[in-house]
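**Q** I would like the atomic coordinates for the input below:
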Amino acid sequence: MTTVRKGQAPPKLDREAFGARFRESFQDPAFDPAQDAIARLEAIAWTAYEEGRKAPRTRKAGAGYADPDYDLSVDWIAARERIRSALAVQRDPAGATRVLLVVAAARNDGTCPGEISKTYRLASIARGVIEDAGASCDMLDLSLLVSEPSPPAASVRTTAILSAPPSGGNTDSGEVIERRPCRPSARRLTRLGPVGRLQRWTPRAVRRSGSADDHGRGRRL
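**A** Now for the predicted structure:
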């Protein structure tokens with residue numbers, strides 16, 4: 001029997017922490033006259049979070065599935081259809097050569113003062129070269145994950161503060177000793193270093209790529 005390994009995700013927020021995180025999105029004084037309405041929305045959001053309603057809108061799977069009566073998420077069904085359409089294009093032998101160019105910089109001119117990242121500029125040059133060669137090029141800009149504005153209370157995330165991993169152990173291990181609400185754009189993990197000093201790390205995917213001018217790439221702050 002295969003053992004399911006768990007323990008990576010931090011525990012769920014309690015009611016107080018959830019409320020604090022939810023209300024962070026409404027700090028603008030313009031929301032002050034609507035505090036009663038915000039409180040009602042918070043209560044609804046808490047119920048959905050507590051009950052784990054990740055797929056609130058569903059429909060019957062229908063023909064072609066092992067269980068046609070299963071309630072499938074309508075978002076999942078739509079995503080599957082888009083994937084199948086993209087797969088048909090990718091497998092078309094008469095289609096053009098397709099290249100996916102990933103811009104792994106953590107910032108852009110919308111996240112930090114100044115100009116666009118050097119990584120994006122270099123990727124744009126590469127895209128031009130690829131398209132001049134007759135290939136079709138799609139660009140995936142990961143910096144948009146942190147620069148796109150999040151709608152109020154779109155989700156609840158936490159910053160996990162972990163204990164230092166055992167000597168010589170996996171740096172991704174450690175016991176969760178505290179949880180702090182954080183904004184969706186704060187995609188960093190706070191850890192306790194070997195000497196107990198708080199350190200901030202950018203995601204591993206960002207640490208391994210991006211140019212030297214991209215703020216926070218693999219640096220401890």
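**Q** from here on, contacts and neighbour counts on C-alpha atoms
**A** Will do.
**Q** list the buried residues for stretch 113-127?
**A** For stretch 113-127, the neighbour count (16 or more other CA atoms under 10 Å) marks 116-120, 123, 127 as buried.
**Q** let's have these in a markdown table, adding secondary structure and pLDDT.
**A** Conversion of these to a markdown table gives the following (DSSP: H, G, I helix; E, B strand; the rest coil; pLDDT from 0 to 100):
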| residue | secondary structure | pLDDT |
| --- | --- | --- |
| 116 | coil | 89 |
| 117 | coil | 91 |
| 118 | helix | 92 |
| 119 | helix | 94 |
| 120 | helix | 94 |
| 123 | helix | 96 |
| 127 | helix | 96 |
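**Q** quick check, nearest of these to residue 3?
**A** residue 119 (41.8 Å; CA to CA).
**Q** surely that closest one meets residue 101?
**A** No - Residue 119 is not in contact with residue 101 according to CA atoms under 8 Å; the separation is 11.3 Å.
**Q** can you pull the contacts of the nearest residue to residue 90 once chain neighbours are set aside?
**A** Nearest non-adjacent residue to residue 90, counting by CA to CA, 6 or more residues apart in numbering: residue 98, 7.6 Å away. Each residue near residue 98 by CA atoms under 8 Å, 6 or more residues apart in numbering is listed here: 90, 135-138.
**Q** among these, which lie within strands?
**A** Here DSSP state E is the test, and the contacts of residue 98 give 136-138 as lying in strands.
**Q** quick check: phi and psi on the residue nearest to residue 90?
**A** Taking degrees, to the nearest 10, you get phi -110, psi 140 for the backbone angles of residue 98.
**Q** ok, now which ones touch residue 12?
**A** So residue 12 contacts nothing (CA under 8 Å, 6+ apart).
**Q** for this structure, what helix or strand is lowest in average pLDDT?
**A** Lowest mean confidence among the helices and strands of the chain (mean pLDDT, DSSP states H and E): strand 189-192, at a mean of 35.
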